[in-house]
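Colleague: Prediction below, plus the sequence it came from.
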Amino acid sequence: MQPAVPPPPGTPRTITVTLKRGWAFDEKARRFHGPKAAAFTPTDLPDGVRVQPTVPDLAGRPPAELSPEERDLQRYVQVVLPAGTLPPDLLTAIRRWPCTDSAIPGPDVSLPAPPPLPRKQS
Amino acid sequence: MSAFIGGVFNLAQALTNATKHLRAGDAILIELQATGPNGKYVAMQYWPDIFSAIVAATKKGITVVEAAGNGNENFDLPIFAGTGLQKDSGAIVVGAGVPPANAFDFDGSGGFGASYQSIGVPRSRIWFSNYGKIVNVQGWGFHVTTLAYGDLQGHSSENRWYTARFSGTSSASPIVTGAVACIQGRAKAKLGAPLTPAKVRKILMATGTPQVAGPGVPVSQRIGPQPNLVKAMTLV
């Protein structure tokens, strides 16, 4: 057994997508935009799947205004899965998108400590 | 700062928010782990968005301390090539080492895992701690006394609960974060400015008490030295 406190029940699983350089996700239009006016709208996602920039604050900002580290953070998108859907179900499709550099299951996070022990009354 | 944003786990966003509000000399502790490609827990910088967010924080002068995780995983395996587990994010990555004995542990009264004596040799890697080249220093990873849970002292108010059994890289990493805060406090007082995160890490590693081997846990399974704050302060 490894010490771990599990995440809150019902936490949705995600897929971490790194976009190819020059691509960005337009959350309003639900579409990816790439170099030379390229565009891509994902049509292969089941109902209930959400796509969102990982760092929304940086998503619409002109790259020239950002530090190299912030520009790097613009490349990430989260695919949020509905309950009951697991990352492997969609990874193959997402990796085929023209905008995708890489896609991996998002972290199923836990606290690296033992689960709480029963409380002792004193 | 919570990493659950809008009901979704998003540590990169949480780190970016924290980075926006913090200044050079401040510290961030990432006390989380998640399942890696081998089905074992790994450090959070395995995920590229989180790695980038850590880099952004450390470039701003914020020292990021990160739990290595409790997966008994070797970060130097080929499967991790090119990932954040084999790259320097600038964070101080902390493994779990065997602490010195204490009276509570010697009673062998149970709790998580086993009594102290079966955990191993002090400053050796605890069997569950992740290890590898990016793991910089170790902290006590077993039966640390701290707040919450209530198994050491219970009370009708949760605010008065204590435990003597906080363990894992969860207990190791905040101890190191405390050492970072002490070093930066001294740097600000003595030099008028904080040290860079790289300098803080270098001092902790250079002045720490070396990792030792234990049964089944050779020093090649690197978790680094245990910080020695008294010695570290002499380099500030």
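Modeller: Thanks, I have it. All figures in this text were calculated on a predicted structure; none of them were measured in a lab. Numbers count the residues shown, from 1 in each chain, chains lettered A, B, ... in the order given.
Colleague: Chain A: strands as residue ranges?
Modeller: Secondary structure of chain A (DSSP state E): strands at A:14-19, A:24-26, A:31-33, A:39-40, A:50-53, A:76-80, A:100-105, A:109-110.
Colleague: Just put these in JSON lines and tack on distance to chain B and mean neighbour count.
Modeller: For the C-beta atoms, the positions are set from N, CA and C on the backbone; glycine is no exception. Output for the strands of chain A, formatted as JSON lines (distance: least, C-beta to the nearest C-beta, whole Å; neighbours: other C-beta atoms under 10 Å in any protein chain shown):
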{"stretch": "strand A:14-19", "distance to chain B": "5", "mean neighbour count": "23"}
{"stretch": "strand A:24-26", "distance to chain B": "13", "mean neighbour count": "19"}
{"stretch": "strand A:31-33", "distance to chain B": "16", "mean neighbour count": "18"}
{"stretch": "strand A:39-40", "distance to chain B": "20", "mean neighbour count": "14"}
{"stretch": "strand A:50-53", "distance to chain B": "8", "mean neighbour count": "18"}
{"stretch": "strand A:76-80", "distance to chain B": "4", "mean neighbour count": "24"}
{"stretch": "strand A:100-105", "distance to chain B": "7", "mean neighbour count": "18"}
{"stretch": "strand A:109-110", "distance to chain B": "5", "mean neighbour count": "22"}
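Colleague: closest to residue B:56 out of the ones you listed?
Modeller: Residue B:56 sits nearest to strand A:76-80 of all the strands of chain A, at 12.0 Å, using C-beta to C-beta.
Colleague: follow-up on the earlier one: redo the strands of chain A as TSV? Include mean pLDDT.
Modeller: Converted to TSV, those look like this (pLDDT from 0 to 100):
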stretch	mean pLDDT
strand A:14-19	97
strand A:24-26	93
strand A:31-33	95
strand A:39-40	96
strand A:50-53	96
strand A:76-80	97
strand A:100-105	96
strand A:109-110	88
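Colleague: Please name whichever of the ones you listed is nearest to residue B:61.
Modeller: Here strand A:76-80 is closest among the strands of chain A (C-beta to C-beta), at 23.0 Å.
Colleague: Quick check, central residue of chain A?
Modeller: residue A:78 (1.8 Å; C-alpha atoms, centre = their mean).
Colleague: Toward the C-terminus, what is the element adjacent to the least confident helix or strand in chain B by mean pLDDT?
Modeller: Using mean pLDDT, DSSP states H and E, the weakest-scoring helix or strand in chain B turns out to be helix B:103-106, at a mean of 52. Counting by DSSP states H and E, the next helix or strand C-terminal to helix B:103-106 is strand B:135-140.
Colleague: Which elements pack onto that next one?
Modeller: Applying 3 or more C-beta pairs under 8 Å, 6 or more residues apart in numbering or on different chains; DSSP states H and E, one finds that strand B:135-140 makes contact with strand B:92-97, helix B:169-191, helix B:197-207.
Colleague: So for chain A, which of these sits nearest?
Modeller: helix B:169-191 (3.3 Å; C-beta to the nearest C-beta).
Colleague: Just the buried residues of the closest one, please?
Modeller: B:169-181, B:183-184, B:186-187 (16 or more other C-beta atoms under 10 Å in any protein chain shown).
Colleague: If we check chain A, which of those are in contact?
Modeller: B:169-171 (C-beta under 8 Å from any C-beta of the partner chain).
Colleague: Name the residue closest to the centre of chain B, please.
Modeller: In chain B, the residue lying closest to the centroid (C-alpha atoms, centre = their mean) is residue B:173, at 2.5 Å.
Colleague: Against residue A:21, how distant is that one?
Modeller: Applying C-beta to C-beta, to the nearest Å, the value for residue B:173 to residue A:21 is 33 Å.
Colleague: wait, doesn't residue B:148 sit right on residue B:164?
Modeller: No. The criterion here is C-beta atoms under 8 Å, and residue B:148 misses it with residue B:164 at 11.4 Å.
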